[in-house]
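Asker: fold the following.
(one chain, ligands or ions: 2)
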Amino acid sequence: MTASRRPKSDALFDAAQKIVPGGVNSPVRAWKAVGGTPVHAHSGAGCWLTDVDGNRYVDLVMSYGPLILGHAPARTTAAIVEAAAGGTTFGAPTERELRLAERIVEYVPGVDRVRLVNSGTEATMSALRLARAATGRDAFLKFNGCYHGHGDSFLVKAGSGALTLGEPDSPGVPKALAELTLVAEYNDTDEVRRVFAEHGDRLAAVFVEPIAGNMGTVNPAPGFLEALRELCDAHGVVLVFDEVMTGFRVARGGAIERLGVVPDLVTLGKVIGGGLPIGAYAGKDELMRQIAPLGKVYQAGTLSGNPLATAAGLATLEALEDRGAYECLEDAGAFVQAGLEDAARAAGVPLFVGRCGSMICPYFAAEPVTRFDDVMASDRERWVRFFHVMLDEGVLLPPSPFEAWFLSTAHDTEALEHIVRAGAKALQSVA
Ligand SMILES: Cc1ncc(COP(=O)(O)O)c(C=O)c1O
Ligand SMILES: N[C@H](C=O)CCC(=O)O
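Answerer: Numbering: from 1, shown residues only. Ligands and ions are numbered 1, 2, ... in the order given. Predicted coordinates:
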């Protein structure tokens, strides 16, 4: 028997499993889809993650998206330290909350007002409540394989960890509530038209990940988002873009800027907190003014607008104002995509690489992956073998074929070449 390369991770995981469900605080971290012991992180610097056993990896998990500048960027760390020294929470408004909200209003098209919360889940739950209140309707439409956090109404045909575990519909969600969640296929405009023809007048909202990042990386088909906009307008339905993952990542103004379709509400998280817990929902004045205390739709939070999270978020958004940040992210994504595609051709392995900017996901599939069925039809067993070779080669991937890989501005040429070299070796070995 060969000795484990990660004895400390093994020991920590054994101990954690005795007192923490599955040994983890978020299911996708448990490596159920790939097998083995999850790498336990010790520290991160730039694009590198060092585990508790001292192994180093080029990190492509990047905390599932928030770390757009890499681990522990100096400016963000300094901002967090400074904020912490001045008090970690007040229960009173602070200037940083305003400054962060101003940036969101400035950069995200269609946003007049912003409410900060503590996670993406809170953002989507609150946006749904607002849409229901504004329309006086209860049902809403989401898409198969999209993930909008773990609020009850959204755990129906959900992506991400729920899909990884094969449980896209969670027990514990009241049947009466789940019945209000209608589901259509992402990128199937005809099906959406049929749903609207039958149910359009009882829908409060359509929730969509404009670029689906919780079943890998699936771009919207031409006209799909435009059709959602048109149908929502025709039926008085609130269109919500869930940009928790894509906001300030695929462009400064997120998918809205990149794709040019403006929703009524947008949910944000991840990047806007610079690696600390945050979320936000935002949108048109006529909707957002219905939130308490301006309006009657209640939503609150002891730690909302937290000084550390807003300091980290502001420092991150400021760094992203540096010229060239988004070009750098785009180039990094294109480099990895081209490298993997070339290597797959050389290895004779069918590979389709889904990508939007610095979000990327290779599927073992001969045809383009544009829908949930294509994702499920890809060769996931081969993907698992690929994952383990990448790990042995010092590249840490998200432990699921349904999670996007995230690049950051800290992924330099050395790291990008390392990823492509490891990818070529892994593709040869799964050929
Ligand atoms: C698109 C999307 N929406 C919502 C969420 C929920 O965010 P959080 O995990 O911060 O609750 C996530 C990620 O988890 C996400 O990717
Ligand atoms: N895909 C999820 C969010 O984007 C992964 C994060 C998690 O649920 O732990």
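
Asker: can you name the residues of the stretch 1-150 of the chain that neighbour ligand 1?
Answerer: Applying C-beta under 6 Å from any ligand atom, we find that the stretch 1-150 of the chain lies next to ligand 1 at 119-121, 124, 147-149. For glycine as for every other residue, the C-beta is placed from the backbone atoms N, C-alpha and C.

Asker: ranges for the strands of the protein?
Answerer: Counting by DSSP state E, the segments of the chain that form strands are 41-45, 48-51, 56-59, 113-117, 139-143, 181-184, 203-208, 238-242, 265-268, 279-283, 352-356, 359-363, 395-396, 405-406.

Asker: local confidence estimate at the residue in the stretch 251-400 of the chain that ligand 1 sits nearest to?
Answerer: Scanning the stretch 251-400 of the chain for proximity to ligand 1 using C-beta to the nearest ligand atom identifies residue 269 as nearest, at 4.6 Å. As predicted, residue 269 sits at a pLDDT of 98.

Asker: wait, doesn't residue 103 sit right on residue 316?
Answerer: No: taking contacts as C-beta atoms under 8 Å, residue 103 lies outside contact range of residue 316: 10.1 Å.

Asker: who's more crowded, these two?
Answerer: residue 316 (25 against 20; other C-beta atoms under 10 Å).

Asker: count the neighbours of the residue nearest to the more buried one when sequence neighbours are not counted for me.
Answerer: With sequence-adjacent residues excluded and distances taken as C-beta to C-beta, 6 or more residues apart in numbering, residue 316 is closest to residue 274, at 3.6 Å. Using other C-beta under 10 Å, residue 274 is surrounded by 29 other residues.

Asker: swap in residue 257?
Answerer: Using other C-beta under 10 Å, residue 257 is surrounded by 17 other residues.

Asker: show me what contacts it?
Answerer: 107-109, 251 (C-beta atoms under 8 Å, 6 or more residues apart in numbering).

Asker: could you flag which of the residues of the stretch 1-150 of the chain next to ligand 1 are buried?
Answerer: The neighbour count (16 or more other C-beta atoms under 10 Å) marks 119-121, 124, 147-149 as buried among those.

Asker: how about the residues of this structure by ligand 2?
Answerer: For the chain, the contact set with ligand 2 under C-beta under 6 Å from any ligand atom comprises 26, 28, 64, 147, 160-161, 214, 245, 403.

Asker: just checking, residue 146 touches residue 207?
Answerer: Yes: the pair residue 146 / residue 207 is scored as a contact, 7.3 Å apart, by C-beta under 8 Å.

Asker: which neighbours do those two have in common?
Answerer: Common neighbours of residue 146 and residue 207, using C-beta under 8 Å, 6+ apart, are residue 242.

Asker: please compute how far the longest helix belonging to the chain lies from its chain's middle.
Answerer: Determined from DSSP state H, the single longest helix within the chain is helix 325-347. Centroid separation between helix 325-347 and its chain, computed with C-alpha atoms, centre = their mean, to the nearest Å, is 20 Å.

Asker: same question for stretch 213-231.
Answerer: Mean-position distance between stretch 213-231 and its chain equals 15 Å (C-alpha atoms, centre = their mean).

Asker: now the terminal residues of it, how far apart.
Answerer: The first and last residues of stretch 213-231 sit 23 Å apart, counting by C-alpha to C-alpha, to the nearest Å.

Asker: quick one: is it near ligand 1?
Answerer: Yes: Stretch 213-231 lies within reach of ligand 1 by C-beta under 6 Å from any ligand atom, at 213-214.

Asker: for that stretch, the averaged confidence score.
Answerer: For stretch 213-231, mean pLDDT is 98.

Asker: OK, contacts around the closest residue to residue 311 other than its chain neighbours?
Answerer: Sequence neighbours aside, residue 83 is the residue nearest to residue 311 in space, at 3.7 Å (criterion: C-beta to C-beta, 6+ apart). Residue 83 sits next to 96, 307-308, 310-312 when contact means C-beta under 8 Å, 6+ apart.

Asker: mind listing which of those residues are in helices?
Answerer: Short answer: those in helices (DSSP H) are 96, 307-308, 310-312.

Asker: gap between residue 17 and residue 9?
Answerer: 12 Å (C-beta to C-beta, to the nearest Å).

Asker: residue 355 now?
Answerer: 30 Å.

Asker: try residue 44
Answerer: Here residue 44 is placed at a distance of 15 Å from residue 9 (C-beta to C-beta).

Asker: hang on, residue 427 packs against residue 348?
Answerer: No: shown here, residue 427 and residue 348 do not form a contact pair, counting by C-beta under 8 Å, at 9.1 Å.

Asker: between the two, who's got more neighbours?
Answerer: residue 427 (25 against 9).

Asker: neighbours of the closest residue to the more buried one other than its chain neighbours, how many?
Answerer: Distances taken as C-beta to C-beta, 6+ apart put residue 347 closest to residue 427, at 4.3 Å, once the chain neighbours are dropped. When neighbours are defined as other C-beta under 10 Å, residue 347 has 18 of them.

Asker: low-confidence stretches in the chain?
Answerer: For the chain, the stretches flagged by pLDDT under 70 are 1.

Asker: identify the residues contacting residue 89.
Answerer: By C-beta under 8 Å, 6+ apart, the residues touching residue 89 are 302-303, 306-307.

Asker: can I get these in TSV with neighbour count?
Answerer: What follows is these, written out as TSV (neighbours: other C-beta atoms under 10 Å):
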residue	neighbour count
302	8
303	16
306	25
307	22
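
Asker: on that earlier part again, pull out the buried residues from the contacts of residue 257.
Answerer: Looks like those have 107-108, 251 buried, using 16+ other C-beta under 10 Å.

Asker: contacts only, for residue 292.
Answerer: 298-300.

Asker: what's the domain layout of the protein?
Answerer: 7-60+323-430, 74-320 (automatic domain parsing).

Asker: first vs last residue of the shortest one, how far apart are they?
Answerer: For domain 7-60+323-430, the first and last residues are 27 Å from each other (C-alpha to C-alpha).

Asker: next one: that domain to chain centre, how far?
Answerer: That offset, for domain 7-60+323-430, works out to 15 Å (C-alpha atoms, centre = their mean).
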